[in-house]
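[1] pasting the sequence and the predicted coordinates here, then a few questions.
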Amino acid sequence: MVKVAAIQMASGPQVAANLIEAERWLVQAAQAGARIAVLPEHFACMGLTEHDKLEIAEVPGAGMIQDQLARIAQRERLWIVAGTIPLRLEGQAKVSPACLVFDDRGQQAARFDKIHLFDVRLPVGGEAYCESSTQVPGDRIVVVDTPAGRMGLAVCYDLRFPELFRGMVDAGAQWFALPAAFTARTGQAHWDLLLRTRAVENLMYGVAAAQGGYHANGRETFGHSLLVDPWGAVINVLPRGSGIVLGDIDTRRVHDLRTAFPALSHRRFGVVLS
């Protein structure tokens, strides 16, 4: 078994302050025995407007955010799932919503660009979001080997698209990491339900790191960072406030469950409706 951590924050618009906060929790996670820690979406900047992402965007492989995380990962001997960092795209005004994975030597081990952008007007309350105004979606499923087994990556709104998680499983994923910034309203309705469903239907662990609290831009995020096992049981959860959620990933349990309850091998494709 390998101990992992989900870090919950309530990030603001100041990158330097958010990085100090993130480092504090990453160090605590490492001291608690975690080998891998997952940061929430927008951990480095929850801007006042969507366009603040453009102001803090970094070039791939260089910049204050990436350099600091690499240093922490190397110093603490900790894998870090850093989701998300806005990265510049050559020849474009928009940025990529990139979830970067740093290994325990401080090297980038993987990059996943959020595939599904949150362009939504909520039916109650009038909240509206248009991530595509500043960001370009990714188009590639990413699975990477880690000390806790094969990890698939997804970000926030990606959680609502089960075909992404099926693709992870087909690529050998035994667990998934999900940085997120769910709204308070949608989180209350769907967060726990969706996370447990993605874990159960794919018989894999889920580690979800969320923004949780009130932000300077007036937004409220749901929190409830959690770890869920392949049978849908919540291992640990942090409902509100900043902090860390710890739990173990046991790849042997994934193997045993998939062997004893082989639902994944029972999938049928090509079934035609009459």
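    On my side now, so go ahead.
[2] got the contact list for Trp25?
    Residues near Trp25 by C-beta atoms under 8 Å, 6 or more residues apart in numbering: 7, 9, 37, 242-244. Where you see a C-beta, it was placed from the backbone N, CA and C, and this is true even at glycine.
[3] scan this structure for its longest strand.
    Secondary structure of the chain per DSSP state E: the longest strand is strand 79-88.
[4] past that strand, which element shows up next along the chain?
    strand 95-102 (DSSP states H and E).
[5] could you check the angle strand 79-88 makes with that next one?
    160 degrees (axes from the mean of the first three to the mean of the last three C-alpha atoms, to 10 degrees).
[6] mind checking the pLDDT average for strand 95-102?
    Per-residue pLDDT over strand 95-102 has a mean of 98.
[7] run through who's touching the following helix or strand past that strand.
    With elements assigned by DSSP H and E, the helix or strand that comes after strand 95-102 is strand 108-113. Under the contact criterion C-beta under 8 Å, 6+ apart, strand 108-113 has outside partners 60-61, 66, 70, 79, 83, 96-103, 136-140, 142, 144, 146, 153-155.
[8] which neighbouring elements make contact with the longest strand of the chain?
    With contacts defined as 3 or more C-beta pairs under 8 Å, 6 or more residues apart in numbering; DSSP states H and E, the packing partners of strand 79-88 are strand 36-39, helix 52-56, helix 64-76, strand 95-102, strand 149-153, strand 175-180.
[9] which of those sits closest to Arg267?
    strand 149-153 (17.1 Å; C-beta to C-beta).
[10] list the helices and strands that closest one packs on?
    Using 3+ C-beta pairs under 8 Å, 6+ apart: strand 149-153 touches strand 79-88, strand 95-102, strand 143-146, helix 162-170, strand 175-180.
[11] where in the stretch 151-274 of the chain is pLDDT low?
    270-274 (pLDDT under 70).
[12] so where do the helices sit in it?
    Counting by DSSP state H, counting those that start in this stretch, one finds helices in the stretch 151-274 of the chain at the ranges 162-170, 184-186, 192-202, 251-260.
[13] most tightly packed of those?
    Mean neighbours per residue, mean count of other C-beta atoms under 10 Å, is largest over the helices of the stretch 151-274 of the chain for helix 192-202, with a mean of 19.
[14] which residues are contacting that one?
    159-160, 162, 165-166, 168-169, 173, 176, 178, 205-206, 208, 224, 226, 228-232, 234, 263-264.
[15] stretch 89-97 too?
    Here stretch 89-97 has contacts from 41, 53-54, 57, 84, 86-88, 113-114, 117, 131, 134-138, 155, using C-beta under 8 Å, 6+ apart.
[16] now that stretch: buried residues?
    Across stretch 89-97, burial judged by 16 or more other C-beta atoms under 10 Å covers 89, 94-97.
[17] distance between it and the chain's centre?
    21 Å (C-alpha atoms, centre = their mean, to the nearest Å).
[18] over to stretch 183-192?
    Per C-alpha atoms, centre = their mean, the centroid offset for stretch 183-192 relative to its chain is 16 Å.
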